[in-house]
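Q: Predicted model and sequence below, questions to follow.
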Amino acid sequence: MMHRRIALLVLLFLVFSLLPITGTPLATYEPYEENEFPLWTYKLRRGEILFFGSLVITMAVSSLAYNVAVSSNMISEASTPLNALLIQGGIASVLSLGISVADYIIGEVQAK
């Protein structure tokens, strides 16, 4: 009986916590202006998108390459599965960073 009361109380608390206390209207949407942000922030955002976007692909490639290298005895196997994952993630991160930096360099060269 006590558990039901506590469950009902928690449920009511959750339901009422989702209701807004005050009804303040949202501000109207204003689109960004053309020169609102500095140019370097756009370049940084592009690099971030390229890094995390390519990380999905480079993680799969580095995992495959690591497993092939271990299978062919080119490198020794990591001591734990966590260490293997960290090695693969490090390789993938370096590859993704290289892709982002290469895109930045290509963009700067083409701009001149």
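A: In hand now; what should we look at?
Q: and stretch 41-58, what's its mean pLDDT?
A: Averaged over stretch 41-58, pLDDT sits at 95.
Q: got a list of contacts for it?
A: The contact list for stretch 41-58 (C-beta atoms under 8 Å, 6 or more residues apart in numbering) reads 91-93, 95-97, 99-101, 103-104, 107. C-beta: built from backbone N, CA, C; applies to glycine.
Q: what's the closest of those residues to residue 39?
A: residue 107 (11.2 Å; C-beta to C-beta).
Q: Buried residues of the longest helix belonging to the chain, list them for me.
A: If you go by DSSP state H, the chain has its longest helix at helix 39-71. Judged by neighbour count (16 or more other C-beta atoms under 10 Å), helix 39-71 contains these buried residues: 47, 50-51, 54-55, 58-59, 62-63, 65-66.
Q: Over to stretch 88-105?
A: For stretch 88-105, the neighbour count (16+ other C-beta under 10 Å) marks 88, 91-92, 95-97, 99-100, 103 as buried.
Q: Who are the packing partners of the helix or strand where residue 98 lies?
A: Using DSSP states H and E, residue 98 maps to helix 81-111. In terms of contacts (3 or more C-beta pairs under 8 Å, 6 or more residues apart in numbering; DSSP states H and E), helix 81-111 is packed against helix 39-71.
Q: ok and the helix it packs on relative to helix 81-111, angle-wise?
A: 140 degrees (axes from the mean of the first three to the mean of the last three C-alpha atoms, to 10 degrees).
Q: Next, find the distance separating residue 105 from residue 94.
A: Taking C-beta to C-beta, to the nearest Å as the measure, residue 105 falls 16 Å from residue 94.
Q: And for residue 66?
A: Applying C-beta to C-beta to residue 66 and residue 94 gives a distance of 13 Å.
Q: now residue 44
A: In terms of C-beta to C-beta, residue 44 sits 19 Å off from residue 94.
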